[in-house]
Each structure stands twice: as structure tokens, then as C-alpha cells.
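>>> Here is a sequence with its predicted model. Questions after.
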Amino acid sequence: MSEKPLERLGVVAGRGEYPLMLCQEAKRRGVGHMMAVAMHGETDPAIAECADEVAWVYVGQLNKTIKALQRQQVRHVVFAGQIKPGRLFKGMRPDLRTLKILKALRTRNAESIFGTIADEFVRDGVEVMPATLYLEEYLAQPGVIGRVKPARKYQADIDYGRYVAQASSRLDIGQTVVVKNGTVLAVEAFEGTDKAIRRGGELGHGGVTVVKRTKPNHDMRFDVPCIGPWTVNALQEARAKVLAVEAGRTLLLERDRLLAALDAAKIALVGFDGAVDLAFDEAGRLTEQQI
């Protein structure tokens, strides 16, 4: 895609600040018309303050979502913001198109569900864009981010957490792990990042390292890792010392507030290179290999 701003852009908006931030940045970058499809019970009503047009639907109304975009002649869309994981089992109102998709899926995870949904958008002439569109400046950078530097003793847990997270994400289990002294305390599953952090902190009695990354061959149109000020609340409850995230593939939402909160809590934020695969030999020594 050229650097010229899109004339029209749609956002399928989930929870939190992410969709609002995307709308604001897209307008700032020169997008002419911003269309939001908001989800009842999920999307912040403040979306109406930054989008030019808002259509409200229930989670699962795929056909209504696509038709709303088509009526506004929107040909490019971004998925921004999560939907409560439990919606997959309770509170979703699937239309016939969604029911057909779900019935055909052998496994139901973010990749399989959203990938199939993207195919439906494309089939109807709407291209699904990377979830980081217009937000590139908010991606984590390599190295220490913020004022707090991690003590050297935490580097081993960062490395081990990266190793475990690359394995668990490859198996579609989760993208976040909590580690202390070479022991895995929690692996994110269906409960989400914040609950996994709290669980790991409770089991480790504080002093933990949290590692978050994308899966190998991650589809950057969906489920891009995000951290924000709310993440700091979970880290503080867990008495975490370090949060390590994948550079270039993790969004720092409300960046200034996030970094100020981490600095105040004396929690180090570190960006690592996810392009380097980690492994350990039989003696437990770290080895590295380029993917």
C-alpha cells in the first residue's frame, strides 16, 4: 500500500483504548472518513467522538458488520481491540453466516476464527489491513524502554520466558508467561494476559518476570499484543519486576501514561528481538538460532 492516506477506513472495534487510538491516529494521518463498527457490551461509546460514522452490532453479526462497511463504501478495515474471550461460549449472537463458519472450524482459536472471518471480508470486497496500521510509532523498540533498568539477575528469566512463550504460542496456548528463578509459574491460556500475570505473581510471591510475544508466523491483522496502563495494575498486584515484550510487534497504548506508571512502580520494560529463536542445550545452557 502507498503512503498516501486512505480516503475511507473502517475499524471493527472491540474493548479498550485501542480502537479509539486507532481512529484518532488515522484521522491525524489524513484518513478522510473513519467508519467504526462497534460491539454492544464491548466497545467504548466514546468511539462516536473520533469516528465519522458508527454502526452498532452484536458480537457474532458478521453479515451485518460487512454490510455496514459496504454501505459507507469502505474497502479497507482494521480489527482493533479484544472481545471478552467468554463471548465464544456465552453472550454471542451469531447470524447464519457466523454459524456456518463456526461449524466448519475444527479448532476455535484467535487465528482460526479471525482468519476465516477475514476471508469472508475479502470475499465481499473488504481488505483486512494490519492491526498496527497508522500506529507504527507506538510499537515497542528493542532494549530498555523507560527509566527503569532490569537487574542483571533477571536476564536469565527473560531468556527462559522467551523460550517458553515461543513454544506455548506455537501451540496456540498463549503468548504470555510468568517466570521466577527459572520456574514457569503461569502460562496464559483462555483467561487472558492480566489474569495470567496475577496468577503467576501469587504463586511466585512476587519478584516475577513477565514475557509477552507473538506466535511464529503471527498474522499481524489480528490479536496483536498490546500493553497499556491497565497492564501495570496487574503487574503491581503480581509484584513483578520486569515486563519483556517483542519489539516491533507489541503496541504500547497510551504510551506516556504507561511508561510513567511503570517508572513509578519501579518495573522495567524491555523490548526483545523476536526474530531470534531460543533454545537450551542438555546442560541447560542457552543457545540461539536465527529463524
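It's in.
>>> Please look at R29 and L133 and confirm they touch.
No: with contacts counted by CB atoms under 8 Å, R29 stays clear of L133, the gap being 9.3 Å. (Each C-beta comes from the backbone N, C-alpha and C, glycine too.)
>>> And T231, how close does it get to K103?
Per CB to CB, to the nearest Å, T231 is found 35 Å from K103.
>>> picking that back up, in terms of neighbours, single out the busier of R29 and L133.
Taking other CB atoms under 10 Å, R29 and L133 do not tie; L133 has more neighbours (22 against 14).
>>> phi, psi of the more buried one?
Backbone torsions of L133, given as degrees, to the nearest 10, read phi -50, psi 130.
>>> Ok, L185 next?
Dihedral pair for L185: phi -100, psi -30, per degrees, to the nearest 10.
>>> check contacts around it.
178-179, 199-201, 203-204, 208 (CB atoms under 8 Å, 6 or more residues apart in numbering).
>>> again, only using 6 Å
By CB atoms under 6 Å, 6 or more residues apart in numbering, the residues touching L185 are 178, 200, 203-204.
>>> coming back round to it: more crowded one of T231 and K103?
Shown here are T231 and K103; by other CB under 10 Å, T231 has more neighbours (25 against 8).
>>> and the more buried one, what pLDDT?
We have a pLDDT of 96 for T231.
>>> helix, strand or coil for it?
helix (DSSP: H, G, I helix; E, B strand; the rest coil).
>>> before we move on, the earlier item: may I ask which two of the contacts of L185 are separated the most?
Pairwise distances across these (CB to CB) peak at 8.0 Å, for the pair V178 and L203.
>>> Among these two, which residue is more densely surrounded?
Per other CB under 10 Å, whichever of V178 and L203 has more neighbours is V178, with 28 against 15.
>>> Quick one: residues contacting the closest residue to the more buried one other than its chain neighbours.
In space, and not counting its chain neighbours, V178 is closest to G200: 2.6 Å by CB to CB, 6 or more residues apart in numbering. Going by CB under 6 Å, 6+ apart, G200 touches 178, 185-186, 208.
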